[in-house]
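S.K.: predicted coordinates and the sequence they were generated for:
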Amino acid sequence: MTFDSLGLDSRILSALKKQGYKTPTPIQAQSIPLLLNGQDLLGTAQTGTGKTAAFTIPILQQILKSPSKKRRIRALVVTPTRELAIQIAENAKWYSADTPLRTAVIFGGVGQNPQIDQLKKGIDFLVATPGRLLDLHSQGHINLNDLNHFVLDEADQMLDMGFIHDIRKLLKIIPPKRQSLFFSATMPKDIISLSKQILQVNYKQIRIAVEKRTADRVSQAVYYVAKKEKPSMLLELLKTMEGSVLVFGRTKHGCDKVVRILNKKGVKAAAIHGNKSQNARQKALKSFKAGELKVLVATDIAARGIDISGLEHVVNYELPNIAETYVHRIGRTGRADSSGASVSLCAADEREYLKEIEKLIKASIPLVEDHPFTAGAAQEWSDPENRKPKKPGQRPPRRNRPKVNEGRNIHRRPKKRR
């Protein structure tokens, strides 16, 4: 199958060729024909499989087939993070570059006036984070009455970030007659329940196998390291890694700590997470893509939407407590037809996380035993205090969870003194 065989508008085909698109990925090949026929869709696919194009291209095609004299919001994509919203909007602009369609993106954490100005000019395709979307709708700046296509992307992260109430509010204000698309990397019970509230009864379901496509192209290795020696181990690894390196931590505080250590040792690094301003996050990401930063340290939520072509190295400074997250992390490298490398640092209290990851990917991650910090690791792993590791799948402590209103521009009233 080729994109030419899908019956797409010649202007979209021309834009795809300019972007180097040749043949559809599995999720694109399965999704695009269904969506062009107006079907609702429940999709499960990991990062790097091409799902953004899978829903954006057919929606743009349908908008072009039914032109309107008055420019109005015909399609809405809701996603949890600013970075992912920006990435989706950029893709939509690329695919519709040769058409009169207009795309806009709105998110919290920045001033709303430039976004309002965009909306006043009229747009066809809107990408938004939930908080800012509802804020501007309540102020009368967004009219969704003419909406024909609704996409909820990264639904599992949406729920983890506490946006479930915002999503329910949104479902009450969008037209009931619409085409709905629901994408999630994982499908726990609460996600399935939410999907049934959004999709029509006769919806179609597509599930792309997650583990092997990425794992086959990404070399993986794990080092047993004492927790206190992880900074030294990371510095040792960076000496042998050419190009940019994406490092994952579990908490915002932990990411900042790693950056301070690296910068102190002369390694140019920056962090992106929910506590950083949008300008700071975008500046760090831009510098990383340009090669001005060697290391970008990120939490899993902030990393959603990072699309860096040619990224060769991912380091799991801390192993994720949910096994599926590991697959998404290493999916940041080895994208398209490229290869990549993933390195994980495993402390004694993370051994259960490692077991769950290996169970999910149905393979043992090669253990590197010859490194300068084996003695410290052996001592930590044999310590009786570390024989009761953390249980996998547990949510992090409340202080380390993303703020419920992350992405929203909310001004709270100061507490009154008694």
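M.R.: It's in. Owing to the predicted nature of the structure, the values given are computational and were not obtained by experimental measurement.

S.K.: how near is the nearest residue to residue 12 once chain neighbours are set aside to residue 57?
M.R.: Spatial nearest neighbour of residue 12, excluding adjacent residues (Cβ to Cβ, 6 or more residues apart in numbering): residue 95 at 5.8 Å. The way it works is simple: take the backbone N, C-alpha and C, and place the C-beta from them, glycine included. From residue 95 across to residue 57, the span is 6 Å (Cβ to Cβ, to the nearest Å).

S.K.: residues shared between the contacts of those two?
M.R.: Common contacts of residue 95 and residue 57, defined by Cβ atoms under 8 Å, 6 or more residues apart in numbering, comprise 12, 16.

S.K.: can you find the helix or strand in this protein with the smallest mean pLDDT?
M.R.: Within the chain, confidence by mean pLDDT, DSSP states H and E is lowest for helix 211-217 among all helices and strands, at a mean of 53.

S.K.: tell me the helix or strand right after that helix.
M.R.: Per DSSP states H and E, helix 211-217 leads on to strand 218-224 as the next helix or strand towards the C-terminus.

S.K.: list the helices and strands that next one packs on?
M.R.: If you count contacts as 3 or more Cβ pairs under 8 Å, 6 or more residues apart in numbering; DSSP states H and E, strand 218-224 packs onto strand 340-346, helix 374-382.

S.K.: remind me what the longest one packs against, helices and strands.
M.R.: The reference is to helix 374-382. The helices and strands touching helix 374-382, judged by 3+ Cβ pairs under 8 Å, 6+ apart, are strand 218-224.

S.K.: what's the average pLDDT for the strand it packs on?
M.R.: In this model, strand 218-224 has an average pLDDT of 91.

S.K.: show me where the stretch 201-350 of the chain has its helices.
M.R.: With DSSP state H, counting those that start in this stretch, the ranges of helices along the stretch 201-350 of the chain come out as 211-217, 230-238, 252-264, 278-289, 300-303, 323-330.

S.K.: could the ones you listed go into JSON lines alongside mean neighbour count and distance to residue 372?
M.R.: Shown next, in JSON lines, are the helices of the stretch 201-350 of the chain (neighbours: other Cβ atoms under 10 Å; distance: least, Cβ to Cβ, whole Å):
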{"stretch": "helix 211-217", "mean neighbour count": "17", "distance to residue 372": "28"}
{"stretch": "helix 230-238", "mean neighbour count": "19", "distance to residue 372": "6"}
{"stretch": "helix 252-264", "mean neighbour count": "18", "distance to residue 372": "17"}
{"stretch": "helix 278-289", "mean neighbour count": "17", "distance to residue 372": "28"}
{"stretch": "helix 300-303", "mean neighbour count": "23", "distance to residue 372": "29"}
{"stretch": "helix 323-330", "mean neighbour count": "24", "distance to residue 372": "24"}
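
S.K.: what's the closest non-adjacent residue to residue 8?
M.R.: For residue 8, ignoring the flanking residues on the chain, the nearest one in space by Cβ to Cβ, 6+ apart is residue 61 at 5.6 Å.

S.K.: residues of the strand or helix carrying the one you found that come out buried?
M.R.: Using DSSP H and E, the element containing residue 61 is helix 51-65. For helix 51-65, the buried set under the neighbour-count rule, 16 or more other Cβ atoms under 10 Å, comprises 51-64.

S.K.: what of stretch 99-114?
M.R.: The neighbour-count check on stretch 99-114 (16+ other Cβ under 10 Å) flags 99, 101-110, 112 as buried.

S.K.: noted, bye for now.
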